[in-house]
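K.L.:
Sequence plus the predicted model coming up.
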Amino acid sequence: MGLFSRSGSKLSGKTTLLLAADPGPALMDAARLYDPSVRPWHGRLVFCNGVLLFGPVPVTPRLEQEAGLPAGMTVAYYTAAALQGHRERRSDEAKHDDGDRLVHGLADRLGGTARYAGAPPDLALITSVYSKQDLPPQDVIEVLSPYGEDLRLEDRTEDSYSLSGKKIHFMVAYWSPRLYRESEAPPALGPLRAGRLHQWDLHAAFNRKDIARERVLQVGEAALALARRCDGAAVDEFGFPVSRPEDLLPR
């Protein structure tokens, strides 16, 4: 992406990623984690969920003053919502929420600062596992039994159920492929996203920064154990893939 100038008004009201130095190829590497199909196009990155990331915008002293940016930043990127075809169409609100989560994840990985258009996302630690393969509830209980006691099946319907138990620091919610919508699925799933997938959410109830390190790691270990059992993929609440438990630790 080439450098181009933007006024402070372009950053006003936009969720913005601020960096102290040009990240170079590291930006695209991090963006591909979020969406393997991301593509650059005329000064922006285009993500398959309808999020756009414009930049880099050089942060001059004038822009810093106009946009009220923190001192020490040299480059900025800001999000917007793309127009989409009918099949992929999502609400602008959903795309803005995804843009906030994308910027949060990029700031973590690139050592940057996120400035949000609205309130910053304060999401509970949720690690989702997606798979083409079904896994009966009893098999899920078997996989997760090392992480809790007396796991039990609750609220079962034709297309969903939940699991909870004693001495376990998360609950599990399952959603059948009949409830799956490709347009709402994380881009990080790549080609897997196109199928009708089973989904398990491991929900820890609190933001990861408010949970003890060992409990965060336990959620990661459990999610990855489940993903291995069903040959699936694990994704965090910001839409980034989880390949090791430490990926969930606050940066």
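P.N.:
That came through, no problem. Residues are numbered from 1 along each chain as shown.

K.L.:
thought residue 131 was touching residue 223?
P.N.:
No - under the criterion of Cβ atoms under 8 Å, residue 131 makes no contact with residue 223, lying 11.7 Å away. In short, each C-beta sits where N, CA and C put it, glycine included.

K.L.:
Those two: which is more packed in?
P.N.:
Just comparing residue 131 and residue 223: by other Cβ atoms under 10 Å the higher neighbour count belongs to residue 223, 29 against 21.

K.L.:
how close does that one sit to residue 172?
P.N.:
Going from residue 223 to residue 172 by Cβ to Cβ, to the nearest Å gives 10 Å.

K.L.:
Which neighbours do the two have in common?
P.N.:
Shared contacts of residue 223 and residue 172, defined by Cβ atoms under 8 Å, 6 or more residues apart in numbering, are found at residue 202.

K.L.:
Tell me where the stretch 151-251 of the chain has helices.
P.N.:
For the stretch 151-251 of the chain, the helices identified by DSSP state H, counting those that start in this stretch occupy 213-230, in order along the chain.

K.L.:
Apologies, that question was intended for the stretch 1-150 of the chain.
P.N.:
8-11, 25-34, 61-67, 92-110, 137-144.

K.L.:
Which one, of those helices, ends up nearest to residue 214?
P.N.:
Closest of those to residue 214 is helix 137-144, at 16.5 Å (criterion: Cβ to Cβ).

K.L.:
residues in contact with residue 249?
P.N.:
Going by Cβ under 8 Å, 6+ apart, residue 249 touches 208, 213, 216, 217.

K.L.:
try residue 28
P.N.:
Contacts here follow Cβ under 8 Å, 6+ apart; on that basis residue 28 touches 38, 40, 45.

K.L.:
Any idea what the closest residue to the last one other than its chain neighbours is bridged to?
P.N.:
To tie it back to what came earlier, the one meant is residue 45. Excluding the flanking residues, the one nearest residue 45 by Cβ to Cβ, 6 or more residues apart in numbering is residue 53, at 4.3 Å. Per DSSP bridges, residues listed as beta-bridge partners of residue 53: residue 45, residue 79.

K.L.:
isn't residue 53 right up against residue 82?
P.N.:
No - look at residue 53 against residue 82 with Cβ under 8 Å: they stay out of range, at 10.4 Å.

K.L.:
The two: which is more packed in?
P.N.:
The neighbour comparison of residue 53 against residue 82 (other Cβ under 10 Å) goes to residue 53, with 25 against 17.

K.L.:
Which residues are in contact with that one?
P.N.:
Residue 53 sits next to 17, 31, 44, 45, 47, 77, 78, 79, 99, 102, 103 when contact means Cβ under 8 Å, 6+ apart.

K.L.:
Residue 109 is in contact with the first one, correct?
P.N.:
Put plainly, it is residue 17. No - at 10.5 Å, residue 17 does not count as touching residue 109 under the criterion of Cβ under 8 Å.
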